[in-house]
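Chemist: This is the structure alone, sequence omitted:
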């Protein structure tokens, strides 16, 4: 049985538990929007930039996997 997201997390989005998307964010099915980051920041006392950075880090990891072959074919122009 899937774990249910706490009702308090749903209040972050000011929605009922039936329409809460917090679980979708946790499962990687939905991105953390600016709106969600602001609400999480207010509800949990964590800086809103933290939540945006979490999303950016996730997006980069997904992109690295997705485009690994294409990036490997890019010619290096500057020595690192």
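Modeler: Structure's in. What do you need? All figures in this text were calculated on a predicted structure; none of them were measured in a lab.

Chemist: Give me the buried positions along stretch 55-64.
Modeler: Within stretch 55-64, the residues that count as buried by 16 or more other CB atoms under 10 Å are residue 55. In this view, the C-beta of every residue, glycine as well, is placed from N, C-alpha and C.

Chemist: hmm, I was thinking of stretch 36-49
Modeler: For stretch 36-49, by 16+ other CB under 10 Å, it's 36, 37, 39, 40, 41, 48.

Chemist: Give me the distance between the fourth one and residue 55.
Modeler: Distance of residue 40 to residue 55, computed by CB to CB, to the nearest Å: 11 Å.

Chemist: what's the overlap in contacts for these two?
Modeler: Common neighbours of residue 40 and residue 55 (criterion: CB atoms under 8 Å, 6 or more residues apart in numbering): residue 32.

Chemist: Quick check: which ranges of the protein have low pLDDT?
Modeler: Applying pLDDT under 70 to the chain flags residues 1-21.

Chemist: show me where it has helices.
Modeler: 7-12, 22-26, 34-44, 48-66, 68-72 (DSSP state H).

Chemist: Please convert those helices to JSON lines, extending it with distance to residue 80.
Modeler: Putting the helices of the chain into JSON lines (distance: least, CB to CB, whole Å) gives the following:
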{"stretch": "helix 7-12", "distance to residue 80": "41"}
{"stretch": "helix 22-26", "distance to residue 80": "35"}
{"stretch": "helix 34-44", "distance to residue 80": "32"}
{"stretch": "helix 48-66", "distance to residue 80": "17"}
{"stretch": "helix 68-72", "distance to residue 80": "14"}
